[in-house]
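1. Got a predicted structure here, sequence first:
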Amino acid sequence: MRKESQAMVSNLEPLKSGQAQTAPESENMLEIQNLKKHFPIKAGVLQRTTGYVKAVNGIDFTIEKGETFGLVGESGCGKSTAGRTIIRLYEPTEGNIAFDGEDITRKKEKDLFNLRRDMQMIFQDPFSSLNPRKTVGSMLQEPLKVHGLYKSQRERKEKCQEIMGRVGLNPSFINRYPHEFSGGQRQRIGIARALVLEPKMIVADEPVSALDVSIQSQVLNLLNDLQEDFDLTYLFIAHDLSVVKHFSDRIGVMYLGNMAEVAEKNDLYGEPLHPYTQALLSAVPRSHPREQKRERITLTGELPSPANPPNGCVFHTRCPFVMDHCKEVVPEMQEIRPNHYVACHLYN
Ligand code: SF4
């Protein structure tokens with residue numbers, strides 16, 4: 001977690017869509033501007049493009065060095081696609097991605113070699129993300145070999161065992177296969193694999209949602225400790241707001257490929273501004289009896305298809321406060337309070 005709060009300059013003009021939010025440039029590990037990822041829909045014998053799934057449709061945010069930024073939203077809101085596009089597993093359709101001061105948006109795969117070392121990913125499912133035919137040792141040593149780190153096999157093995165120990169795995173299990181580990185241990189292998197190259201940033205895509213509740217907090221505590229020790233920056237993607245609350249410094253709430261709200265976690269949980277965030281938070285159980293009880297807001301209707309998003313505010317088909325204006329005009333992201341941004345016409 002960030003060692004100190006880096007409050008936003010409070011006299012900023014409201015940000016327009018397409019502008020990144022917060023923090024002086026030099027402090028940013030990641031700057032995302034108007035990022036879009038659209039997937040073509042193919043149909044017919046000739047596989048003509050008949051439309052696009054607008055999975056990510058113009059999002060902006062920044063992550064400071066050493067910060068944990070939580071990206072939340074319902075399943076299908078585009079948060080995982082955003083993570084994969086940022087790490088350049090997907091080609092961005094539009095927008096800009098700057099990583100540690102360098103524009104990586106349009107770099108070709110052959111030029112992404114260093115990025116692959118500096119930005120790593122932890123996947124949701126520790127069962128399917130590990131190769132069942134490879135031992136832990138070979139999975140961890142492979143990236144070291146590819147990147148030409150450590151001269152001898154003995155040194156690489158020592159490094160892998162050091163990392164295994166660091167993530168709470170017994171280093172003597174280096175020759176074991178994934179099926180010989182429990183779910184929690186397999187996710188620790190996934191974390192070790194992300195960590196072995198000592199990256200600057202990790203994109204963690206729902207890293208605990210496939211684990212038992214009893215194991216989740218252990219893995220979250222481990223990620224927290226590793227952040228301190230390895231000076232890591234995290235993009236933490238989750239659908240569960242209670243998980244993100246304890247782990248993030250700032251949080252972005254996504255809905256149907258768009259960013260609805262971005263704020264420091266205490267501001268977001270204390271006074272959510274966007275009707276969608278309010279609805280999501282009203283469903284989160286109180287973690288303490290003294291915590292203020294929220295009135296439950298039930299969203300009606302289904303999440304619209306990202307292939308055919310509504311006009312105007314994309315949330316208008318489910319919003320309890322919808323106005324005529326909302327159905328026509330896209331709300332711009334504005335800074336309503338210091339470091340608290342929302343895209344909603346209620347605040348115009
Ligand atoms: Fe609701 Fe309108 Fe705000 Fe969208 S812009 S969240 S429809 S009030």
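-> It's in.

2. Near the ligand, which residues of the protein? Just list them.
-> 274-275, 313, 315-316, 319, 321-323, 326, 331, 344-346 (CB under 6 Å from any ligand atom). Every residue, glycine included, has its C-beta placed from N, CA and C.

3. now with 5 Å?
-> Taking CB under 5 Å from any ligand atom as the measure of proximity, the chain contacts the ligand at Pro275, Cys313, Phe315, His316, Cys319, Phe321, Val322, Cys326, Pro331, Cys344, His345, Leu346.

4. Please determine how far Gly252 is located from the ligand.
-> Gly252 sits 16 Å away from the ligand when distances are taken as CB to the nearest ligand atom, to the nearest Å.

5. nearest residue to that residue other than its sequence neighbours?
-> Computed as CB to CB, 6 or more residues apart in numbering, the closest residue to Gly252 that is not its neighbour in sequence is Val262, at 4.6 Å.

6. out of everything not next to it in sequence, what's closest to the closest residue to the ligand within the stretch 101-250 of the chain?
-> Proximity of the stretch 101-250 of the chain to the ligand (CB to the nearest ligand atom) peaks at Leu241, 17.6 Å away. Once flanking residues are discounted, Leu241 sits nearest to Val284: 5.0 Å by CB to CB, 6+ apart.

7. How is that neighbour assigned, secondary-structure-wise?
-> coil (DSSP: H, G, I helix; E, B strand; the rest coil).

8. That one contacts His239, doesn't it?
-> No - with contact defined as CB atoms under 8 Å, Val284 does not count as touching His239 (11.5 Å).

9. contacting residues for Asp100?
-> By CB atoms under 8 Å, 6 or more residues apart in numbering, the residues touching Asp100 are Met29, Leu30, Asp118, Lys200, Met201.

10. again, only using 7 Å
-> Neighbour list for Asp100: Met29, Asp118, Lys200 [criterion: CB atoms under 7 Å, 6 or more residues apart in numbering].

11. related to what we said a few turns ago, can I assume the residue of the stretch 101-250 of the chain closest to the ligand is in contact with Glu74?
-> No - in this structure, Leu241 is not within contact of Glu74 by CB atoms under 7 Å, at 10.8 Å.

12. Who has more neighbours out of these two?
-> Leu241 (22 against 14; other CB atoms under 10 Å).

13. That one: what's it in contact with?
-> Contact partners of Leu241, counting by CB under 7 Å, 6+ apart, are Val72, Leu280, Leu281, Val284.

14. From the ligand, how far off is the nearest residue to the third one once chain neighbours are set aside?
-> Same thing as Leu281. Spatial nearest neighbour of Leu281, excluding adjacent residues (CB to CB, 6+ apart): Pro272 at 5.3 Å. Per CB to the nearest ligand atom, Pro272 is found 12 Å from the ligand.

15. contacting residues around Pro272?
-> With CB under 7 Å, 6+ apart, Pro272 has these contacts: Glu261, Gln278, Leu281.

16. what's the longest helix in this structure?
-> Scanning the chain for the longest helix, with DSSP state H as the assignment, gives helix 213-230.

17. can you tell me the average pLDDT over the helix or strand just after it?
-> Sequence-wise, the next helix or strand downstream of helix 213-230 (DSSP states H and E) is strand 233-238. Mean pLDDT, computed over strand 233-238, is 97.

18. any idea how far the lowest-mean-pLDDT helix or strand in the chain is from the chain center?
-> Least confident helix or strand, the chain: helix 241-247 with a mean of 85, by mean pLDDT, DSSP states H and E. Distance of helix 241-247 from its chain centroid, counting by CA atoms, centre = their mean, to the nearest Å, is 13 Å.

19. Give the buried residues for it.
-> Leu241, Val243, Val244, Lys245, Phe247 (16 or more other CB atoms under 10 Å).

20. Phi, psi for Tyr347 please.
-> phi -110, psi 10 (degrees, to the nearest 10).

21. the helices in the stretch 101-250 of the chain, which residues?
-> Using DSSP state H, counting those that start in this stretch, the helices found in the stretch 101-250 of the chain span residues 113-118, 136-146, 153-166, 183-195, 213-230, 241-247.

22. Show me which residues of stretch 194-209 are buried.
-> Residues of stretch 194-209 classed as buried by neighbour count (16+ other CB under 10 Å): 194-197, 199-208.
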